[in-house]
Each structure stands twice: as C-alpha cells, then as structure tokens.
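Asker: sharing a model that was predicted from the sequence below.
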Amino acid sequence: MRYAMAVDTKKCVGCGDCVVACQTENNVPIGYCRDWIVENVNGSYPNVEIELRSERCNHCDNSPCVRCCPTGASHIVEGGIVMVTHNECIGCGACIQSCPYDARYSHPEGYVDKCTFCNHRLEKGQSTACVEVCPTTCLYFGDLDDPNSDVSRALKNRSWKVLAPEAGTKPQLFFLT
Amino acid sequence: MKEELFVSGRNIPNIDPFLNIWHWEIPVYLFLGGLSAGIMFFAGLFMVMGKEKEMATTVKWSMFLVPVALVLGLFALFLDLKHQLYFWRLYTTIRIESPMSWGAWTLMFITPLSFIWVATYMKEAIPGWNWKFKLIDDLEAIAVKYRVHMAWAMMGLAIVLGVYTGILLSAFNARPLWNTSILGPLFLVSGMSTGLAAIMWMSKSHEERTILSKIDIALIGIELFLIIHLFMGFLAASEVQIEAAQLFLGGEFTVTFWVFVVILGLIIPAFLETLELFGFRIPIWIPSLLILVGGLIFRFVMVEAGQITRFLY
Ligand code: SF4
Ligand code: SF4
C-alpha cells in the first residue's frame, strides 16, 4: 500500500477550504497550518499564467526528515505516511531544516507537527479532511498500488509533476498540469 | 515576471518568509564543540608524542577549559530544543543516519573523558588538592596509568566531534549552502585553529607558542584553501547553490563573511603569527582573540545564511 495525493492545478481556485478544513480537523493552533495554497504567477498581463497549488507534506518515499531525526519521533507508518510521535520529539528542529518543502513547523507546545494524511480518518475508512471538503474536487487521494484508486486514475489520464524532484526525496504529492 | 505567494495567508513563526528555526544556540554549540575538539586533539597528540613537559599548557592546563566548554555547549543545545522535557529521548536510541544523534552520543563519551583527564591533573594544578575519598584517589591512580590510552581516544573522538560540527549542517540536502561535503573538514580545521588560539593565549612558554603558532599558520592556510574550494564548488553547481554562493558574493553576508571571518579572523592573525615567528613582538592575545571571534562569527554566518537558502520550485 502506498498512499499518495494528486492536486489538479487546473481545477483549484485557491479558495483555501482545504486549509481551514485541516486546521479544524486537526486542531492546528491559530497562525499555523499543515496545508497551504501557493499561487505561482508567470509573466505579466496579458501573457500571464497562473498556477494554483494546494501544498502539504509530500510524504516522501526517501524522506530526509525521518533519516535525520535523532530520536525516531519522525517515522513512517503503513502506507508510507510520515508521522511524528509528539512525546518522542525533542524539538531539535533537524527535520524542519531537512525538509525541502518547509512542510513542518514547530508547534507552540514544543514538538514538531505536520500533515498526517489524516491517518486517524484513514483508519476509520474515511478520506482526508481536505479531500472531503474541496468544492472543486481537485484533490485526489488513495493507494498508488491500487490501479482503481482515485489518485491512480488521475495520474493515468493526465500529465503531472512533483515539486523539486532534484532534491531526491521522491515526493508523493503529485500536481496535475 | 515570476512570482510566488501564499494565497492562503501562511505566515508560520520561524518558518515564513525565511526559515529561521535555529537561532544563536546552534552556532554557539558548534563553536564550543569545535574549540573543545581542537584543544583535546592537540592535548592528546602531544601526550602521545611524549611532550607532556615541554607542552605543559597544551597537555594539561588548556584542558581545564574543555569540560566547561562542553557542558556549556550541551546546555546551548538543550536551550535550542523546543520540547525540552523529552531531552532524554536522545539517549534512548542510536540513529546511525542522524547527525544529531551522532553528536549527542559523541558528547556523551567525550565529556566524561575530558573530566577524567582534568581530574588527573588536579593535584598538580592546585597544590594540596585532596579528593577526600580514597576511592577517588584509587581511580585517579588508575587513570594516570592509562593517560596515553586516553590520549589516543581523545584524538579520535576529537576528530569525530570536529567533523560532526560540520556534518550536522552538511547532511541537510534541503539547504543548498550547507549541502557540501567540504563543510566537515572545514569545520574541523576551523575548530582546531580556535583550539590552538585558546591554548596559545594561555601558554607562557615561548617555545610552546612557537610550535603551536607554526601549526596554526598551516591550519589557517588549509582553511583558506577549503573556503576557496567551497565557493568554486558552489559556482560550478546547480542554480540553488549558485544562489547560495551569491549571498556571500555581493549578497547580504558579503561584508560579515569576507571582512570579519576571512580577513580579520584568518588572514590578519596568520600574518601576525608569522611576524611573531620572525622576531617581532606581538601580544599573543591579539591573534588569538581574532581567531576565536572569527570562528564564532563564521558559525553564526553559516547557520543563518544556510537557513535562507532553499530549493526553487
Ligand atoms: S515533505 Fe518534508 S516533511 Fe514531508 S516527508 Fe517530505 S521531507 Fe518529510
Ligand atoms: S524536531 Fe522532533 S521529529 Fe524533528 S528531528 Fe528533532 S526529534 Fe525528530
């Protein structure tokens, strides 16, 4: 099993519902977020291109954050999800330095926090909070090993990219272009 | 025009707009670690060479700085932790792939070793010193017998510690400025040079200082060579590393780095030390202080600038 997500940059309107849904679902402290929207503007009017991306932890296959963690608080669970055990984390910040996507933050309570792919919901058979709430249904989630999952089908029919592949982390968040 | 912005209004403390999660604690920790590694290496070296008498400050007295520096360094590391109650978690596991873990364990071995070393010289340092317990006296006698063995261990561990202060940064592939294997040797050499500076400052013997400053001049030469290589490597690398180098070649760290680290912290002290070798009378504290301050600024600059550099996408 390999969980992954695809984001349709052509359908995303940048409403930020996924951000709010995540903050609510995961009790993210005010002023922090586990997912966010980037607007990439290329060129100037009238020849302008805009790409909207809902970004979060890429749950990398080759995750530097897990490797550099001195306590093992950052670890990988079933399905390739990268998790942080709060009461094993000493807050050294190494994993924050190691992430090329700045997907982690230091929680006001001291430990490091980030997107969990809503692991607690997956265990109950639900999908992630951001996927459920997206009004344009531009987020696809599922198991890459299952050819019929939403994410596998989305990747089969469209061209896509990952962010900073040269960082070598093998990210599992795909952007449909 | 190419522009990238967070439309969801992301502004996380210490992460946006620039990563700044490591503040003064880490550079201070790296500095004290490098300084201790430098002193320990040379104390061990001259002990093994049988120069305990001639190089008394190096082998005996400068070592009194090391336990203090290591404990302060560990304390700085502790201050950097945001979840301090769980500090002990560092020592419930060994993670081969994590430089942080390596460092924590190296310090776990090297700190007690430095305490033991210093303890064996207590009686010489303070006439009439008395351990009060016979057990400690017996243990001391054993430690004195194994000084040469300890010296070998100290040299080995000092190199690990010195290299580690660089690898802690260079292991982060996500920060292009740090992600170069030159950082390990560069931090090691720089740490050794700061260690020598501290010893020379303490030493009263002219012969001892002459030997040390000869070594130091060579080390500074190597350091300059490594710095040039560092930038040659960056400029020949990918876009993100070229951008990282630009921070030092016209960017915001140019003056701090070239004036305070390279000129005042390396070139001028090396020049003063050379003059001294040719018979000019130069108060030793001047080059020593310049080297120590330069080494500290070097670590501040590297830690701060490195966090700004990142991958572009
Ligand atoms: S995106 Fe960052 S935090 Fe997430 S797995 Fe990759 S390196 Fe780790
Ligand atoms: S901050 Fe926590 S999760 Fe991150 S590397 Fe340090 S101990 Fe591991």
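Answerer: It's in. Ligands and ions are numbered 1, 2, ... in the order given.

Asker: share the number of residues neighbouring B:Lys134, please.
Answerer: When neighbours are counted by other C-beta atoms under 10 Å in any protein chain shown, B:Lys134 registers 8. Quick note: C-beta positions are derived from backbone N, CA and C, even for glycine.

Asker: show the backbone phi and psi for it.
Answerer: phi -70, psi -40 (degrees, to the nearest 10).

Asker: report the separation between it and A:Gly16.
Answerer: 72 Å (C-beta to C-beta, to the nearest Å).

Asker: what does B:Phe172 give?
Answerer: Taking C-beta to C-beta, one finds B:Phe172 at 30 Å from A:Gly16.

Asker: who's more crowded, those two?
Answerer: Each of B:Phe172 and A:Gly16 has its neighbours counted (other C-beta under 10 Å); B:Phe172 has more, 24 against 18.

Asker: residue contacts, that one?
Answerer: Applying C-beta atoms under 8 Å, 6 or more residues apart in numbering or on different chains to B:Phe172 gives the contacts A:Pro64, A:Cys68, A:Ala94, A:Gln97, A:Ser98, B:Trp178, B:Asn179, B:Gly306.

Asker: now the helices for the chain?
Answerer: Since no chain was named, I'll use chain A. A:17-25, A:64-68, A:94-98, A:119-122, A:129-133, A:150-157 (DSSP state H).

Asker: correction: the question concerned chain B.
Answerer: Counting by DSSP H, the helices of chain B are B:25-48, B:56, B:65-80, B:99-119, B:122-125, B:134-145, B:147-170, B:183-202, B:206-235, B:239-246, B:254-255, B:268-277, B:285-308.

Asker: can you get me a residue count around residue 137?
Answerer: Picked chain A for this. A count of nearby residues for A:Thr137, using other C-beta under 10 Å, gives 11.

Asker: chain B is the one I meant
Answerer: 12.

Asker: the closest residue to it other than its chain neighbours and B:Asp138, how far apart?
Answerer: Leaving aside its chain neighbours, B:Asp137 sits nearest to B:Trp131 (5.2 Å; criterion: C-beta to C-beta, 6 or more residues apart in numbering or on different chains). Between B:Trp131 and B:Asp138 the computed distance is 10 Å (C-beta to C-beta).

Asker: more neighbours: those two, which one.
Answerer: Between B:Trp131 and B:Asp138, counted using other C-beta under 10 Å, the more crowded position is B:Trp131 (14 against 11).

Asker: now do the more buried one, the pLDDT please.
Answerer: On pLDDT, B:Trp131 comes in at 88.

Asker: show the contacting residues for it.
Answerer: Contact analysis of B:Trp131 by C-beta under 8 Å, 6+ apart lists B:Met122, B:Asp137, B:Glu140.

Asker: how about the residue nearest to the spatial centre of chain B: what's its closest non-neighbour residue?
Answerer: Using C-alpha atoms, centre = their mean, the residue of chain B that lies closest to the mean C-alpha position is B:Gly34, 1.7 Å off. Leaving out its chain neighbours, the residue that sits closest to B:Gly34 by C-beta to C-beta, 6+ apart is B:Gly191, at 2.5 Å.

Asker: ok, the one you found touching B:Tyr164?
Answerer: No - distance between B:Gly191 and B:Tyr164: 9.9 Å, which falls outside the contact criterion (C-beta atoms under 8 Å).

Asker: pull up the residues of chain A that are close to ligand 2.
Answerer: A:68-71, A:73-74, A:84, A:89-95, A:112 (C-beta under 6 Å from any ligand atom).

Asker: distance of the closest residue to chain B within chain A from A:Arg56?
Answerer: Closest approach between chain A and chain B, counting by C-beta to the nearest C-beta: A:Gly91, at 3.0 Å. Noted for A:Gly91: a distance of 21 Å to A:Arg56, by C-beta to C-beta.
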